[in-house]
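Novice: can't give you the sequence, but here's the structure:
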C-alpha cells in the first residue's frame, strides 16, 4: 500500500539531503520552515511505491541540520531562523491521544530550536489546543 508523505516532511527531507551533498550558500538572513507536519516528528511510515526515493526526516534530523546551519552561517556573520508554519498537530497517536492534541507533542517541540510557531487550521479547531499553545 502506498501512503503520501505530508508536504512538510518532504520539504524537510529535501533540505536535509541537500546539506549532506553540497554546501549551503547563506544569505544575510536565512529562513528554514516546516509545514503541515501533523505530528509526524519521528519520520513517516516508510511505505513508498517501489523506485520512489525515501524522502524522510525526523525532528532530530531537523534539529541537527539547523544547529549545523546556524554554526556555519554564524562564521559568515549570517542569521538562520527556523519556523513552523502550522498544522503541527493531528495525524498520529502522539497528538490524537491527548484531549488538547498537544500535551505529549509540545514537550518534544520545545526541544527543537524553533524561532516561531505559527498556528494552522488544525491548531484553531479547539480553544483548548490554542490556549495550550499560547501558554
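Specialist: Everything's here; your move. Please read all numbers here as calculations on a predicted model, not as lab measurements.

Novice: other SSEs contacting the lengthiest helix in the chain?
Specialist: In the chain, taking DSSP state H as the definition, the longest helix is helix 59-75. Applying 3 or more CB pairs under 8 Å, 6 or more residues apart in numbering; DSSP states H and E, one finds that helix 59-75 contacts helix 7-21, strand 29-34, strand 79-84. No exception for glycine: its C-beta is placed from N, CA and C like everyone else's.

Novice: contacts for it, please.
Specialist: For helix 59-75, the external contacting residues (CB atoms under 8 Å, 6 or more residues apart in numbering) are 12, 15-16, 19, 24, 26, 30, 32, 34, 41-42, 57, 79-80, 82, 108-109, 111-113.

Novice: mind running it again at 10 Å?
Specialist: The contact list for helix 59-75 (CB atoms under 10 Å, 6 or more residues apart in numbering) reads 12-13, 15-16, 18-20, 23-24, 26-30, 32, 34, 37, 40-43, 57-58, 78-82, 84, 88, 108-109, 111-115.

Novice: how about it: buried residues?
Specialist: Using 16 or more other CB atoms under 10 Å as the test for burial, helix 59-75 gives 59, 61, 62, 65, 66, 69, 70, 73.

Novice: reformat these as CSV; add distance to residue 92 and pLDDT.
Specialist: Output for the buried residues of helix 59-75, formatted as CSV (distance: CB to CB, whole Å; pLDDT from 0 to 100):
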residue, distance to residue 92, pLDDT
59, 12, 92
61, 17, 92
62, 16, 93
65, 21, 93
66, 22, 96
69, 27, 95
70, 28, 96
73, 32, 95
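
Novice: and which of the residues you listed is nearest to residue 126?
Specialist: residue 59 (22.8 Å; CB to CB).

Novice: can you flag the buried ones in the contacts of helix 59-75?
Specialist: Using 16+ other CB under 10 Å as the burial test, the contacts of helix 59-75 include 12-13, 15-16, 24, 26, 30, 32, 34, 37, 40-41, 43, 57-58, 78, 80, 82, 84, 88, 109, 112, 114 as buried.

Novice: okay if I get the buried residues of helix 59-75 as TSV plus distance to residue 134?
Specialist: What follows is these, written out as TSV (distance: CB to CB, whole Å):
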residue	distance to residue 134
59	21
61	28
62	23
65	28
66	24
69	28
70	26
73	30
